[in-house]
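In: Predicted coordinates and the sequence they were generated for:
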Amino acid sequence: MNKNISKHSVFYISILLIVVFIIWGGFFTKNFTNITTITYNFIIDDLGWIYIGVAFFLVLFSVYLLFSKYGHIRLGKETATPEFKTGSWLAMLFGAGMGVGIVYWGVAEPVTHYVNPPHGEGYTAASANTAMKYSFFHWGLQPWGIYTVISLALAYFQFNKGLPAAISSAFYPLLKNRIFGPIGQTIDILSVFATVFGIATSLGLGAMQISAGMHALFGIPDTILVQMIVIGLGTILFIASISTGLEKGIQYLSNIAILLSFLIMFLVLVLGPTSTIFGTMFNSLGSYLTDYVQMSLHLTPFGDNTWLGDWTLFYWAWWIAWCPFVGMFIARISKGRTIREFVIGVLFVPTLGTCAWFAIFGGTALHIIQNLGHPELAKQITANVSLSIFNFFDYLPASSTLSMIGFAVVVIYYITVADTSSYVLGMLSERGNLNPSTKIKITWGIIQSATAAVLLLAGGLTILQTASLVAAFPFAIILVLICWSLVKALRADANSRETKLTKQSKYVEK
């Protein structure tokens, strides 16, 4: 009985908090914008080092787990086998972890950094190299390190310890049975709150890009009204997908999205400056790895924080806001894999995939601007980021075909992210129910779509970034505590196993 009360408490309190914010942002937009902006500026100016430190630490912690004595531990029983094939597993975790964001920023971010670099002059070869290096940095090891830690902890406590699939379960070594009380509920409520705003940011970006794509392809006006209609239609589509379940709808959509992504990457690689793309990949990867520690710990205590706040800190906050959702989803699909296999699959493989994406799309765009003499493309992209990938395709052969495939990828990723997030929010708000009811999933689907719509109405991309960063802050601290809890549990298990083996050895000797 108490368990049911706790489960429903998390759901109803989370719903209440989100609805309050929707009403606040929708009807008191100016006040909402002012308060969130003040909070945002305080975090950037005084607490940004926490985001920087936590993101870097989680990468180091993931690498430690990879090479530690715990790497052979299997998620689940020793005889457990993976539920999904490796290809589908990687496709689903990549789609959930990056989704529509990588399509939105794949061209826009490198070009924006090229025009307005963090240091030095824009529109130069040096700023082009810097742009690619920072694009790799923002979409590389840090986000996937964040996802690795939380998803591994959730999978371990769920499959190896038999605890509910809830964020609070990761604190069992520290809190024991208190995870089922008010403290555990608070952790789960914060998880839901951060997740809704992180997902709303992505859905808002996706709606903006779909609207821009319809304008580019079909001449439909790119207005806030059209964006609201896109969110409404998208809600109907992913609610229809929700009813098919994890093994069908989400898996099929993820596989289709990855196949189309590979197709469009291949076409741009072949139709674009192939040699330059490979050169960009190797050069940017080398610069990224060479300057990795300096970039990971970079702050501006004696200078202007604007660029850092708009890009690096926003990204770290965005990934942290996403991580309860992504972590829960990756954990759900990873039973049967060893910790070592898990870290390689979640940290390193997707990082190489995102680097390849940026090298192909961003590298080609910079080649068109810098080497082929088309600075107007840079102006088009910075003037309207949502149209960036469609403006980019105009400078390549078979532009109409590329635009149609690109539009399809955006739409499918949009539905996939909304679908998986509704599924996971149901799990989070029901304290670990692996198969939340369709009613709960539909409720969360409507709530997150409404949140995205309100944030867009309140101020577009700027307010999306601001709300995401503010909502994610408490969860940054939670992530560090999860590392402590996971190590404590792994160490206890290792000691118990060693003691058991010692006793068996003595018994055999006798």
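Out: Done, it's in.

In: Can you identify the element that follows the helix or strand of the chain with the lowest mean pLDDT toward the C-terminus?
Out: Ranking every helix and strand in the chain by mean pLDDT, DSSP states H and E puts helix 2-27 at the bottom, with a mean of 73. Note on helix 2-27: by DSSP states H and E, the next helix or strand toward the C-terminus is helix 29-42.

In: Which elements pack onto that next one?
Out: helix 2-27, helix 438-509 (3 or more Cβ pairs under 8 Å, 6 or more residues apart in numbering; DSSP states H and E). Quick note: C-beta positions are derived from backbone N, CA and C, even for glycine.

In: for the stretch 201-350 of the chain, what spans make up the helices?
Out: Using DSSP state H, counting those that start in this stretch, the helices of the stretch 201-350 of the chain run over residues 224-242, 251-271, 274-290, 292-296, 306-308, 314-332, 339-343, 349-366.

In: Mind putting these into JSON lines with mean pLDDT?
Out: Formatted as JSON lines, the helices of the stretch 201-350 of the chain follow (pLDDT from 0 to 100):
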{"stretch": "helix 224-242", "mean pLDDT": "83"}
{"stretch": "helix 251-271", "mean pLDDT": "86"}
{"stretch": "helix 274-290", "mean pLDDT": "96"}
{"stretch": "helix 292-296", "mean pLDDT": "97"}
{"stretch": "helix 306-308", "mean pLDDT": "88"}
{"stretch": "helix 314-332", "mean pLDDT": "85"}
{"stretch": "helix 339-343", "mean pLDDT": "96"}
{"stretch": "helix 349-366", "mean pLDDT": "95"}
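
In: how about the least confident helix or strand of the chain: buried residues?
Out: Within helix 2-27, the residues scored as buried using 16 or more other Cβ atoms under 10 Å are 6-7, 9-11, 13-15, 18, 21-22, 24-26.

In: which of those lies closest to residue 228?
Out: residue 26 (11.9 Å; Cβ to Cβ).

In: Surely the closest one touches residue 457?
Out: Yes: counting by Cβ atoms under 8 Å, residue 26 touches residue 457, with 6.8 Å between them.

In: what's the closest non-adjacent residue to residue 130?
Out: Once flanking residues are discounted, residue 130 sits nearest to residue 117: 4.9 Å by Cβ to Cβ, 6 or more residues apart in numbering.

In: And the pLDDT for that neighbour?
Out: Per-residue pLDDT puts residue 117 at 94.

In: Confirm for me that it is in contact with residue 127.
Out: Yes: using Cβ under 8 Å, residue 117 and residue 127 qualify as a contacting pair, with a distance of 4.2 Å.

In: For the residue nearest to residue 130, give me phi and psi.
Out: Note on residue 117: backbone dihedrals following degrees, to the nearest 10 are phi -70, psi 160.

In: residues in contact with it?
Out: 126, 127, 130, 131 (Cβ atoms under 8 Å, 6 or more residues apart in numbering).

In: Which one (most neighbours) among those?
Out: Highest neighbour count within these, by other Cβ atoms under 10 Å: residue 131, with 27 neighbours.

In: before we move on, back to that, of all the contacts of residue 117, which two lie farthest apart?
Out: Most distant of the contacts of residue 117, by Cβ to Cβ, are 126 and 131, 9.6 Å apart.

In: Just give the number of residues close to residue 385.
Out: Residue 385 has 20 neighbouring residues, counting by other Cβ under 10 Å.

In: What count of nearby residues applies to the residue lying closest to residue 220 once chain neighbours are set aside?
Out: Once flanking residues are discounted, residue 220 sits nearest to residue 214: 4.3 Å by Cβ to Cβ, 6+ apart. Other residues lying near residue 214 total 18 when counted by other Cβ under 10 Å.

In: can you tell me how far residue 214 sits from residue 291?
Out: According to Cβ to Cβ, to the nearest Å, residue 214 stands 40 Å off from residue 291.

In: what do you get for residue 134?
Out: Counting by Cβ to Cβ, the gap from residue 134 to residue 291 is 10 Å.

In: do residue 178 as well
Out: Applying Cβ to Cβ, the value for residue 178 to residue 291 is 43 Å.

In: cool, and residue 303?
Out: Counting by Cβ to Cβ, the gap from residue 303 to residue 291 is 18 Å.

In: more crowded one of these two?
Out: Using other Cβ under 10 Å as the criterion, residue 303 and residue 291 rank with residue 291 on top: 15 against 10.

In: residue contacts, the more buried one?
Out: Residues in contact with residue 291, defined by Cβ under 8 Å, 6+ apart, are residue 133.

In: give me phi/psi at it?
Out: According to degrees, to the nearest 10, residue 291 has phi -100, psi 20.

In: Name the helix or strand for the residue lying closest to residue 330 once chain neighbours are set aside, please.
Out: Spatial nearest neighbour of residue 330, excluding adjacent residues (Cβ to Cβ, 6+ apart): residue 151 at 3.7 Å. Following DSSP H and E, one finds residue 151 within helix 141-155.

In: so what secondary structure elements neighbour that helix?
Out: helix 48-67, helix 86-97, helix 314-332, helix 339-343, helix 349-366, helix 438-509.

In: wait, residue 95 sits on residue 413?
Out: Yes: between residue 95 and residue 413 there is a contact at 6.5 Å, judged by Cβ under 8 Å.

In: number of nearby residues for the nearest residue to residue 66 once chain neighbours are set aside?
Out: Once flanking residues are discounted, residue 66 sits nearest to residue 343: 4.3 Å by Cβ to Cβ, 6+ apart. When neighbours are counted by other Cβ under 10 Å, residue 343 registers 24.

In: do the same with residue 143
Out: Residue 143 has 28 nearby residues by other Cβ under 10 Å.

In: so who does it touch?
Out: By Cβ under 8 Å, 6+ apart, the contact set of residue 143 is 97, 98, 315, 319.

In: Report the contact partners of the second one.
Out: Residues in contact with residue 98, defined by Cβ under 8 Å, 6+ apart, are 139, 143, 350, 354.

In: top of these by neighbour count?
Out: Top of the contacts of residue 98 by neighbour count (other Cβ under 10 Å): residue 143, with 28 neighbours.

In: how much space is there between that one and residue 255?
Out: For residue 143 relative to residue 255 (Cβ to Cβ), the value is 22 Å.

In: what does the model give the residue most central in space within the chain for pLDDT?
Out: In the chain, the residue lying closest to the centroid (Cα atoms, centre = their mean) is residue 97, at 4.0 Å. The score at residue 97 is 72. That number is its pLDDT.

In: That'll do, ta.
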